[in-house]
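*Asks:* requesting a structural model of the entry that follows:
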Amino acid sequence: MPQSEYVETKSPEATMPEINTQTGTITKIQPATQSQEEWLKYGEQVSSFLATLPDYLGGFFSTYKQPLVSIGLILAAIVTVKIVLAILDALNDLPLVAPSFELIGIGYSLWFVYRYLLKASTRQELSDEITDLKAQVIGNQFPDA
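*Replies:* Below you'll find the model as predicted:
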């Protein structure tokens, strides 16, 4: 079986730096002082930014307090609705729960019709309660004459 010969060639494009193969000698690279100065400059900029950050955030929140609260409440309402819908969907997957909810809804609807909609006096009472609730929520914009 013939042995193949390996020929080691060096191309001028692929020259690697020479490595000192003598034992016990280590070549140290001198640190670049310019890069350290740049890092110190960046560090000072970051430090000054972080020092003024609490004042900046305090001013931002005091300026935009109402819109931020509104956005927070809208997001909280969306998350709450999604959670409630997920819980109801999980409950509807349980046996006999969906028909029970339907029976409860039908029963409440029947009670509401019997309590408020059959007689004229109870319809007037319902109308008064709705008007009072609107006045509490919206405010009394148009006072009665």
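*Asks:* and residue 53, what element?
*Replies:* Assigned by DSSP states H and E, residue 53 belongs to helix 33-63.
*Asks:* same check on residue 131?
*Replies:* With DSSP H and E as the criterion, residue 131 is inside helix 120-138.
*Asks:* what about residue 48, how many residues close to it?
*Replies:* Residue 48 has 10 neighbours, counted by other Cβ atoms under 10 Å. From N, CA and C alone the C-beta is placed, and that goes for glycine too.
*Asks:* tell me how many other residues crowd residue 96.
*Replies:* Residues near residue 96, counting by other Cβ under 10 Å, number 7.
*Asks:* what comes up buried for the helix holding residue 131?
*Replies:* Buried residues in helix 120-138, defined by neighbour count with 16 or more other Cβ atoms under 10 Å: none.
*Asks:* got the contact list for that helix?
*Replies:* For helix 120-138, contacts defined as Cβ atoms under 8 Å, 6 or more residues apart in numbering pick out 115-117.
*Asks:* stretch 93-101 too?
*Replies:* Against stretch 93-101 from outside (Cβ under 8 Å, 6+ apart): 91-92.
*Asks:* now do the buried residues in that stretch.
*Replies:* Residues of stretch 93-101 classed as buried: none (neighbour count, 16+ other Cβ under 10 Å).
*Asks:* mean confidence for that stretch?
*Replies:* For stretch 93-101, mean pLDDT is 90.
*Asks:* tell me how many other residues crowd residue 63.
*Replies:* By other Cβ under 10 Å, 10 other residues sit near residue 63.
*Asks:* any weak-confidence spans in the protein?
*Replies:* Applying pLDDT under 70 to the chain flags the ranges 1-34, 141-145.
*Asks:* quick test: name the residue nearest the centre of it.
*Replies:* residue 75 (8.8 Å; Cα atoms, centre = their mean).
*Asks:* from residue 69, how far out is that one?
*Replies:* Distance, residue 75 to residue 69, by Cβ to Cβ, to the nearest Å: 11 Å.
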